[in-house]
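A.B. asks: following is a predicted model, sequence given first.
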Amino acid sequence: MTLKTDEAIKKAEQIQEDILHNEDISTLKIVRQYYSLVTLLNKDDEVEWALNELNGYRLISKVPSYRKVLYPRDKNKFAAVIHSCGILQDRLRNNETYTYKCIKHPLIFSRTKKESIVEYPRSKIDIKPKNLLYILIAIKNRIYIKSNHILLEIKFGKFEFDIFEETRKVVDTELSKKCPKAFEKLTEAYEDLIKSESLLAFQQTAHACRVVLKDFADTVYPVSDKKTFIDLDGKPHPIKDDDYINRIIACVQENLDSKSDREFIKNSLMYLGNFLKSINDLTSIGTHNEISKEDANRCLIYTYLVLGDIIKLLGKTVCTDRDLNPSY
């Protein structure tokens with residue numbers, strides 16, 4: 001896990017603890033804690049929501065339903081309680097009733113252009129302490145639910161991360177011994193992706209994954225005078241220099257135990273072929289177009305996973321001396 005994820009878990013757990021076991025903690029403090037959490041995780045929608053709660057709502061369209069108090073005799077009219085949670089806290093502490101004008105589906109609230117609001121001067125709603133209490137409780141409840149989801153998301157992500165790390169160590173160990181070029185490029189791509197947030201780094205990651213797979217293919221199944229290999233269905237496939245996916249599949253097929261179940265081998269090869277094609281498609285995006293960090297992450301993870309599957313499938317036969325100089 002990264003320091004960022006560890007910090008996020010700590011912040012989310014603190015929020016949960018404060019809401020559950022500290023009844024006296026202010027809503028304002030909880031919102032500030034939540035703002036710190038979602039800012040750390042780059043959750044833009046939640047950052048916007050927290051800022052609105054901290055500073056007050058300028059867009060009526062953004063005012064949540066729990067801040068709208070309906071007019072008793074006309075459900076189309078409502079009072080939008082736009083003030084910050086800090087102000088609402090102070091008003092609740094004063095135990096006073098505040099009067100709000102009714103509005104009807106306006107788009108923008110502006111302190112300098114009040115005419116932009118459709119107001120009903122004769123229709124007013126008294127916002128009582130109980131209304132303020134309801135709003136503040138609703139804010140805390142929302143934060144509790146959202147922070148709990150975030151916590152589960154991070155911890156489940158940690159489970160996936162641990163599985164990936166186990167595979168990465170296996171792949172790095174095997175590649176460092178027998179395919180040093182591929183190992184060097186793959187570890188560099190992994191480290192660069194962790195450190196950088198630039199579009200160029202994402203594109204370089206995609207390109208590196210393509211190069212790694214080709215280097216791996218060149219090691220385990222070098223180009224030879226042989227132009228095709230025949231799959232288990234009797235179909236020929238080209239195995240020239242650019243056909244690195246086919247060469248990897250050919251390596252797996254020719255090195256699997258001949259006594260193994262034919263259907264199992266066939267399904268395994270189909271799985272590997274589809275996995276390799278997915279990586280190739282992703283790396284092509286990085287070569288010709290802009291690529292997101294999510295796609296770059298997927299490229300790297302898929303590359304590690306497919307190499308790990310090949311290594312586990314073939315056991316110690318991958319990258320042996322025979323593979324470096326096969327005779328076909």
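C.D. replies: Right, received. Where do you want to start?

A.B. asks: give me the longest helix you can find in this structure.
C.D. replies: Looking across the chain with DSSP state H, the single longest helix is helix 129-178.

A.B. asks: host element of the nearest residue to residue 133 once chain neighbours are set aside?
C.D. replies: Nearest residue to residue 133, sequence neighbours excluded (CB to CB, 6 or more residues apart in numbering): residue 92, at 6.0 Å. Any C-beta I mention is one placed from the backbone N, CA and C, and that applies to glycine too. For residue 92, the element it lies in under DSSP states H and E is helix 85-94.

A.B. asks: mind listing what's buried in that helix?
C.D. replies: Of the residues in helix 85-94, those buried by neighbour count under the rule 16 or more other CB atoms under 10 Å are 85-86, 88-89, 91-92.

A.B. asks: what's next to that helix, contact-wise?
C.D. replies: 26-28, 31, 53-54, 56, 81, 83, 98, 129, 132-133, 135-136, 139 (CB atoms under 8 Å, 6 or more residues apart in numbering).

A.B. asks: how about the nearest residue to residue 246 once chain neighbours are set aside, phi and psi?
C.D. replies: If the residues on either side of it in the chain are set aside, residue 246 comes closest to residue 237, at 4.6 Å by CB to CB, 6+ apart. The phi and psi values for residue 237, taken as degrees, to the nearest 10, are phi -140, psi 140.

A.B. asks: so who does residue 237 touch?
C.D. replies: Contact partners of residue 237, counting by CB under 8 Å, 6+ apart, are 228-231, 243, 246, 249-250.

A.B. asks: again, but for residue 32
C.D. replies: Taking CB under 8 Å, 6+ apart as the criterion, residue 32 is in contact with residue 54.

A.B. asks: and it, how far is that from residue 7?
C.D. replies: 16 Å (CB to CB, to the nearest Å).

A.B. asks: same question, residue 37
C.D. replies: Between residue 37 and residue 7 the computed distance is 9 Å (CB to CB).

A.B. asks: neighbour count for these two, which is higher?
C.D. replies: Per other CB atoms under 10 Å, whichever of residue 37 and residue 7 has more neighbours is residue 37, with 26 against 14.
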